[in-house]
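Asker: kindly return the folded structure for what I paste below:
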Amino acid sequence: MEHEDQDYRMSFTLGGLMVNESVEVARLHAVHQGWKETMAQALTQGVTALPKAVSRRRSLREIIARLATLSDQELAFVAAEAERSEQQMWLWLANCRAYRFVAEFATDVLQERFLARRFDLPPESFDLFFEEKAEWHRKLATISASTRRKLRQVLFRIMREAGVISHANAIQHANLSPRLEDMIRTRKPTELVFFPGFAHAGR
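Answerer: Below is the predicted model:
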């Protein structure tokens with residue numbers, strides 16, 4: 001049984017994977033070190049193109065919440081070394097680390113369907129998963145139908161932009177480069193489960 005004190009942050013409704021913005025924030029952080037200073041510089045430099053200041057600040061808060069889950073080595077890799085596909089994969093991992101709901105969806109829905117060779121991912125799969133979780137967590141149960149639809153829309157967008165599902169909502173084998181896979185295995189190999197096709201110790 002799951003416990004009520006294991007909370008869900010459901011604040012991923014802004015934007016999508018936000019690759020360009022996240023990479024720029026990671027680069028700013030490499031210079032300014034502290035996240036508070038990084039936020040101030042990102043606001044000054046207009047890292048996000050959102051028209052309203054409050055939206056820009058909220059968007060940057062979510063980007064920083066995701067990037068803050070990465071180690072210094074991982075941040076440096078994203079900022080300076082990673083190719084585009086590797087940046088996408090790291091940011092998908094950062095989303096899984098930052099949002100428990102995303103991590104569990106990746107494990108219990110994406111990975112399980114992939115292993116069962118059920119590669120289609122209908123929108124209903126999100127709804128069924130959400131309802132199962134809402135039975136045990138009051139916070140999820142109080143989320144409105146409109147917000148739930150927004151969460152589903154944004155999560156599917158994040159997954160498409162990360163490349164773990166196609167534009168036609170088909171689950172795809174994750175495009176992990178050898179060096180990226182090695183970095184994950186070195187720090188926490190169990191996190192490979194977030195990537196379709198990497199559920200076990202071996203490929």
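
Asker: how about stretch 171-178: buried residues?
Answerer: In terms of neighbour count (16 or more other CB atoms under 10 Å), stretch 171-178 has its buried residues at 171-172, 174, 176. Heads up, the C-betas are built off the backbone N, CA and C, glycines and all.

Asker: need those residues in CSV (columns: secondary structure and pLDDT).
Answerer: Listed next are those as CSV, based on DSSP: H, G, I helix; E, B strand; the rest coil; pLDDT from 0 to 100:
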residue, secondary structure, pLDDT
I171, strand, 98
Q172, coil, 97
A174, coil, 95
L176, coil, 94
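
Asker: can you name the element that comes right after the longest helix anywhere in the chain?
Answerer: Under DSSP state H, the helix in the chain containing the largest number of residues is helix 145-162. As assigned by DSSP states H and E, the chain's next helix or strand after helix 145-162 is helix 178-187.

Asker: which strands or helices does that following helix pack on?
Answerer: In terms of contacts (3 or more CB pairs under 8 Å, 6 or more residues apart in numbering; DSSP states H and E), helix 178-187 is packed against helix 72-76, helix 84-98.

Asker: out of those, deepest packed?
Answerer: helix 84-98 (a mean of 22; mean count of other CB atoms under 10 Å).

Asker: hmm, who's touching that helix?
Answerer: 9, 12, 17-19, 22-23, 65-70, 74, 77-78, 82, 102-103, 106, 158-159, 161-164, 174-177, 179-180, 184, 191, 194-195 (CB atoms under 8 Å, 6 or more residues apart in numbering).

Asker: same question, stretch 153-173
Answerer: Here stretch 153-173 makes contact (CB under 8 Å, 6+ apart) with 12-17, 19, 85, 88-89, 91-92, 95, 102, 105-106, 110, 113-114, 119-123, 126, 174-175, 195-197.

Asker: dump that stretch to CSV, keeping only the CA atoms.
Answerer: What follows is stretch 153-173 as a C-alpha-only set of coordinates in CSV (Å, rounded to 0.1, in the frame of the first residue of the first chain):
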residue,chain,number,x,y,z
GLN,A,153,-1.6,16.8,-22.6
VAL,A,154,1.7,18.1,-21.1
LEU,A,155,3.0,14.7,-20.1
PHE,A,156,2.4,13.3,-23.6
ARG,A,157,4.2,16.4,-25.0
ILE,A,158,7.2,15.9,-22.7
MET,A,159,7.4,12.2,-23.7
ARG,A,160,7.2,13.1,-27.4
GLU,A,161,9.9,15.7,-27.1
ALA,A,162,12.1,13.3,-25.1
GLY,A,163,11.7,10.7,-27.8
VAL,A,164,10.3,7.9,-25.5
ILE,A,165,7.1,8.0,-27.6
SER,A,166,6.5,8.9,-31.2
HIS,A,167,4.3,11.7,-32.6
ALA,A,168,1.7,9.0,-33.1
ASN,A,169,1.9,8.0,-29.4
ALA,A,170,3.8,4.8,-30.0
ILE,A,171,6.3,3.8,-27.3
GLN,A,172,9.8,3.8,-28.6
HIS,A,173,13.0,2.1,-27.4
